[in-house]
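Colleague: What follows is a predicted structure for the sequence shown.
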Amino acid sequence: MNDLSPLRIRHQHWAFLKRPTAYVKAFEKRVGARVELRKLPLQRQLKTASRILGRLRDQKGVMLADDVGLGKTSIAALIACVFSGLGKRVRVLAPNATMKRRWTEEIQRQLGVTAEVAHELDTDRLRHASSRLSGHVHTLRDGDIMVTTHTKSMNRTLDCDLLIVDEAHRARSAQSTFGKILWRYRHEYARILLVTATPFSLDVAELEHHLRLLNAGRETVTAAQRFGHAISKLWRGDFVDPKSFGTDLGTSGLAAVRKLRPYVVRHGVSDLRKERAEYGRLAEWSIPPTIANDDALEVIVRADRLLRLERAAQVRVKQRTNDPRFHQGWSHLVDEVGQGAAAKFDGADAHAAINLHRERIMALLDEVGTHPKIDESCRAIADKVSQGEKVVAFCDHHSVAQELTLALDKAIRPRAAPRGPRERVWRSAWATALEGILDSQDRTVGDVSLDHFLAWLSCPAIRGQVAGWLGRVPKEPDALVRALRRTRPRKASSGGSIADEARRLLQTLVDRSSGSTRATLKQGPMALPGFGQRRPVMSSANRPHPDDHHDDGLFFDRSPDTLLAIFNSPFGPDVLVATDRLSEGIDLHRWCRHVMHYELDPSPIRVVQRRGRVRRIDSWAARSRKPILEAIPIFAGTRDGQLVKIVRRRLDQFDLLLGGIATPVHEDSVGDDVRRQDEALAEARRTMGAVSLAVWRGAYAAKRRA
């Protein structure tokens with residue numbers, strides 16, 4: 001096995017992490033423009049990187065388990081740069097191609113800054129690593145950093161001095177293919193840094209697997225197991241005396257924290273009181289509960305009964321009944337009801353009963369119309385869009401996301417036709433505003449023509465959007481250029497101008513490392529979200545009708561990078577309907593502060609992950625000094641209403657239980673008496689006192705020494 005101990009890594013090698021002022025100056029010089037780095041988050045990130053480096057000097061591994069949005073990628077990139085500057089080889093395993101590009105960009109920036117300020121390191125090696133980072137590196141040389149995806153790492157060696165695993169919870173199971181690879185080849189990497197937001201969201205056996213990858217001792221694993229078992233008992237209700245059990249839960253939590261501190265570094269947003277404002281204050285987006293009327297309830301009950309009868313008649317033996325999608329929309333219900341229409345039955349009674357339910361369901365659906373929960377949610381989202389805000393709505397199933405997207409497209413009124421100069425004037429102004437990006441006079445960047453981007457910026461929908469920000473739109477091209485350069489989008493109080501944001505978006509789309517965005521731009525302006533008048537919504541869900549083009553411009557299941565780039569700019573559609581494949585590792589915070597959990601995942605941890613897409617450093621909420629508004633619509637009177645109540649309760653205990661809230665909410669648990677759980681949690685909170693997440697930073701140890 002590789003061994004870092006002979007390298008004599010000393011604190012002096014990362015002394016630059018204690019000079020935040022010099023770091024900020026180097027960063028601003030690197031990007032070539034004035035960048036407002038938040039002081040408190042930056043200081044914490046530099047200190048965290050220093051703390052992890054000190055631990056990696058003496059032990060196999062560390063888990064970076066900061067809350068979502070606190071800059072784990074930046075911290076890990078800094079650590080990679082220090083290893084590179086010491087001539088060490090680094091491999092980064094990202095979960096997907098999108099995250100791979102994000103890691104590459106972040107490390108590229110950090111290498112440039114580190115080369116400017118880290119006089120303790122070999123700056124020539126850092127510059128050399130930067131030149132090789134974006135290439136196809138197969139064999140690592142001293143000082144190299146290679147970024148690849150989880151899946152591609154399975155076909156090649158893991159030999160390196162530092163292995164960084166992003167979204168490490170995807171390797172949490174020792175039985176998963178990725179988990180087996182990390183364990184089997186653990187002798188090939190000398191040190192390992194696991195990056196994940198929720199250490200205790202794992203099953204006890206899975207948490208043990210992670211700790212063994214870090215080479216944690218038996219006592220540490222045992223302490224974590226005891227706390228994990230206690231959390232499982234809590235959510236199962238497997239205890240008699242709430243007070244006694246709560247005391248044991250709090251005691252085991254403190255014991256686990258003491259043993260885990262050398263191996264786990266964790267900060268929570270709620271724990272960083274001085275820093276919280278930098279991420280945006282979290283508040284409730286209040287939406288009136290949707291009351292299920294008699295017709296809607298009858299549709300759901302009859303659909304469930306129909307599926308049970310079909311299963312009894314062996315039409316569809318494996319068909320799920322009481323499907324949670326029935327509480328969120330009608331699309332999947334209609335598909336399920338219609339699937340057995342042509343089936344043959346042995347019994348006449350069964351045949352008659354099934355036909356009766358099917359006919360009644362279809363008749364009721366004609367009367368009910370749009371699903372009541374979708375109808376209420378569309379009104380709430382449309383209201384925010386009319387106020388100039390962007391909204392992201394998360395769903396658990398593609399069918400629900402499709403139905404919500406189509407309903408929103410009809411519910412949100414298209415922007416009024418823009419007044420002012422004609423399209424050719426806008427094109428001329430935009431071409432002037434984007435000068436400097438062009439490779440030549442033919443308006444191209446490599447093999448990508450900028451005419452497509454100019455046509456998109458000059459289409460009626462985007463013109464109307466920009467005209468709303470400008471107020472009075474100048475009719476002459478030169479005056480329009482000046483207005484674009486001095487006005488901020490969406491009435492922002494800080495940041496770049498409209499022209500700056502358009503430049504930023506174009507640079508993202510034509511980035512040579514992103515083949516998908518370049519390919520989309522080559523197809524023409526109609527391939528970009530937001531082209532035209534009636535497309536205020538876009539979705540990452542699968543296209544509902546693969547052979548039908550009536551929904552073109554709404555669904556971008558094959559080009560998520562383009563969709564994310566445009567939503568993360570002030571331009572384009574104001575609503576993104578996403579499935580949970582976009583709930584991890586991506587940014588949606590630049591111009592959005594509204595998140596709706598339209599459909600809940602059975603695991604409450606998904607809510608935390610989704611929230612983290614908009615609650616991040618330099619978020620729109622922080623820049624606009626307005627709260628992040630979070631909504632969980634309720635279909636009252638159904639299973640959905642009970643599910644929301646339980647998930648909200650568990651989220652309230654996130655910090656207390658160190659993320660141990662991911663136990664799925666099963667159907668049979670909805671509606672259970674939770675009074676004893678509340679009593680146990682209250683006693684656990686008293687036992688743990690004011691320790692909370694500050695324990696990870698050593699506050700508990702200091703208290704004990706005193």
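Modeller: Structure's in. What do you need? Numbering: from 1, shown residues only.
Colleague: going forward, measure contacts between C-alpha atoms and count neighbours the same way
Modeller: OK.
Colleague: The stretch 501-650 of the chain: helices as residue ranges?
Modeller: Ranges of helices in the stretch 501-650 of the chain, per DSSP state H, counting those that start in this stretch, are 515-522, 560-567, 605-611, 620-624, 639-652.
Colleague: Kindly report the same for the stretch 251-400 of the chain.
Modeller: Assigned by DSSP H, counting those that start in this stretch, the stretch 251-400 of the chain shows helices spanning 294-312, 331-339, 348-368, 372-386, 398-411.
Colleague: Just the buried residues of the first one, please?
Modeller: For helix 294-312, the buried set under the neighbour-count rule, 16 or more other CA atoms under 10 Å, comprises 296-300, 302-311.
Colleague: Count the residues that sit near residue 456.
Modeller: 25 (other CA atoms under 10 Å).
Colleague: Quick one: name whatever helix or strand follows the strand or helix carrying it.
Modeller: Using DSSP states H and E, residue 456 sits in helix 451-457. On the C-terminal side of helix 451-457, the closest following helix or strand by DSSP H and E is helix 460-470.
Colleague: and residue 401, what does it touch?
Modeller: Neighbouring residues of residue 401 by CA atoms under 8 Å, 6 or more residues apart in numbering: 394-395, 539, 541, 577-579.
Colleague: distance of it from residue 568?
Modeller: For residue 401, the distance to residue 568 equals 20 Å [CA to CA, to the nearest Å].
Colleague: What of residue 254?
Modeller: Residue 254 is 40 Å from residue 568, where distance means CA to CA.
Colleague: Look up how far residue 593 lies from residue 391.
Modeller: Distance, residue 391 to residue 593, by CA to CA: 7 Å.
Colleague: what do you get for residue 157?
Modeller: Per CA to CA, residue 157 is found 42 Å from residue 593.
Colleague: Those two: which is more packed in?
Modeller: Set side by side, residue 157 and residue 593 show more neighbours around residue 593, with 27 against 13, by other CA under 10 Å.
Colleague: For residue 322, see how far away the more buried one is.
Modeller: Between residue 593 and residue 322 the distance is 34 Å, computed by CA to CA.
Colleague: ditto for residue 43
Modeller: 51 Å.
Colleague: Ok, residue 465 next?
Modeller: Taking CA to CA as the measure, residue 465 falls 43 Å from residue 322.
Colleague: In terms of neighbours, single out the busier of the two.
Modeller: For residue 465 versus residue 322, the count of surrounding residues by other CA under 10 Å is larger for residue 465: 22 against 16.
Colleague: The closest residue to residue 221 other than its chain neighbours: neighbouring residues, count only.
Modeller: Among residues not flanking residue 221 along the chain, residue 208 sits closest, at 5.9 Å (CA to CA, 6 or more residues apart in numbering). Neighbourhood size, residue 208 [other CA under 10 Å]: 23.
Colleague: Equivalent analysis for residue 646, please.
Modeller: 17.
Colleague: cool, residue 505 as well?
Modeller: So residue 505, with other CA under 10 Å, has 21 neighbours.
Colleague: about what we covered before: helix or strand right after the strand or helix carrying the residue nearest to residue 221?
Modeller: Here residue 208 sits within helix 204-213, counting by DSSP H and E. Downstream of helix 204-213, the next assigned helix or strand under DSSP H and E is helix 218-236.
Colleague: Distance from the chain centre to that next one, please.
Modeller: 28 Å (CA atoms, centre = their mean, to the nearest Å).
Colleague: Export only the CA atoms of it, formatted as CSV.
Modeller: This file holds the C-alpha atoms of helix 218-236, laid out as CSV (Å, rounded to 0.1, in the frame of the first residue of the first chain):
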residue,chain,number,x,y,z
ARG,A,218,-13.5,-0.9,16.2
GLU,A,219,-14.6,1.4,19.0
THR,A,220,-15.6,4.1,16.5
VAL,A,221,-17.6,1.6,14.4
THR,A,222,-19.3,0.2,17.5
ALA,A,223,-20.3,3.7,18.8
ALA,A,224,-21.8,4.6,15.4
GLN,A,225,-23.7,1.3,15.3
ARG,A,226,-25.2,1.9,18.7
PHE,A,227,-26.4,5.4,17.7
GLY,A,228,-27.7,4.1,14.4
HIS,A,229,-29.6,1.3,16.0
ALA,A,230,-31.1,3.8,18.5
ILE,A,231,-32.3,6.0,15.6
SER,A,232,-33.9,3.0,13.9
LYS,A,233,-35.7,2.1,17.1
LEU,A,234,-37.0,5.6,17.4
TRP,A,235,-38.6,5.7,13.9
ARG,A,236,-40.0,2.2,14.4
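Colleague: What is that helix packed up against?
Modeller: Applying 3 or more CA pairs under 8 Å, 6 or more residues apart in numbering; DSSP states H and E, one finds that helix 218-236 contacts helix 204-213, helix 242-260, helix 675-688.
Colleague: Nearest approach to residue 483 belongs to which of those helices?
Modeller: Each of the helices and strands packed on helix 218-236 has some distance to residue 483 by CA to CA; the shortest is helix 204-213, at 54.3 Å.
Colleague: so what secondary structure elements neighbour the closest one?
Modeller: Judged by 3+ CA pairs under 8 Å, 6+ apart, the packing partners of helix 204-213 are helix 218-236.
Colleague: Report the secondary structure state of the residue nearest to residue 267 when sequence neighbours are not counted.
Modeller: Nearest residue to residue 267, sequence neighbours excluded (CA to CA, 6+ apart): residue 66, at 4.7 Å. Taken by DSSP: H, G, I helix; E, B strand; the rest coil, the conformation at residue 66 corresponds to coil.
Colleague: for residue 66, what are its contacts?
Modeller: Residues near residue 66 by CA under 8 Å, 6+ apart: 72, 196-198, 265-268.
Colleague: ok, now residue 68?
Modeller: Counting by CA under 8 Å, 6+ apart, residue 68 makes contact with 197, 608-609, 612-613, 615-616.
Colleague: Give the burial count for residue 87, as a bare number.
Modeller: By the criterion of other CA under 10 Å, residue 87 has 20 neighbours.
Colleague: That one is in contact with residue 140, isn't it?
Modeller: No: using CA atoms under 8 Å, residue 87 is not in contact with residue 140; the gap is 10.9 Å.
Colleague: any common contacting residues for the two?
Modeller: By CA under 8 Å, 6+ apart, no residue touches both residue 87 and residue 140.
Colleague: picking up where we left off before, which of the contacts of residue 68 has the most neighbours?
Modeller: Neighbour-wise, the contacts of residue 68 (other CA under 10 Å) top out at residue 615, 33 neighbours.
Colleague: ok, that one touching residue 587?
Modeller: No: under the criterion of CA under 8 Å, residue 615 is not in contact with residue 587, lying 9.3 Å apart.
Colleague: low pLDDT regions in the stretch 551-700 of the chain?
Modeller: Within the stretch 551-700 of the chain, the segments meeting pLDDT under 70 span 551-552, 655, 658-673, 689-700.
Colleague: cutoff 50 now
Modeller: Across the stretch 551-700 of the chain, the ranges flagged by pLDDT under 50 are 671, 692-700.
Colleague: ditto for the stretch 401-550 of the chain
Modeller: Low-confidence segments of the stretch 401-550 of the chain (pLDDT under 50): 439.
Colleague: before we move on, what about the stretch 201-350 of the chain?
Modeller: Residues of the stretch 201-350 of the chain that meet the cut-off, pLDDT under 50, do not exist.
Colleague: hmm, back to that, turn the contacts of residue 68 into JSON lines, including distance to residue 629.
Modeller: As requested, those are exported to JSON lines (distance: CA to CA, whole Å):
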{"residue": "197", "distance to residue 629": "21"}
{"residue": "608", "distance to residue 629": "14"}
{"residue": "609", "distance to residue 629": "15"}
{"residue": "612", "distance to residue 629": "12"}
{"residue": "613", "distance to residue 629": "13"}
{"residue": "615", "distance to residue 629": "10"}
{"residue": "616", "distance to residue 629": "14"}
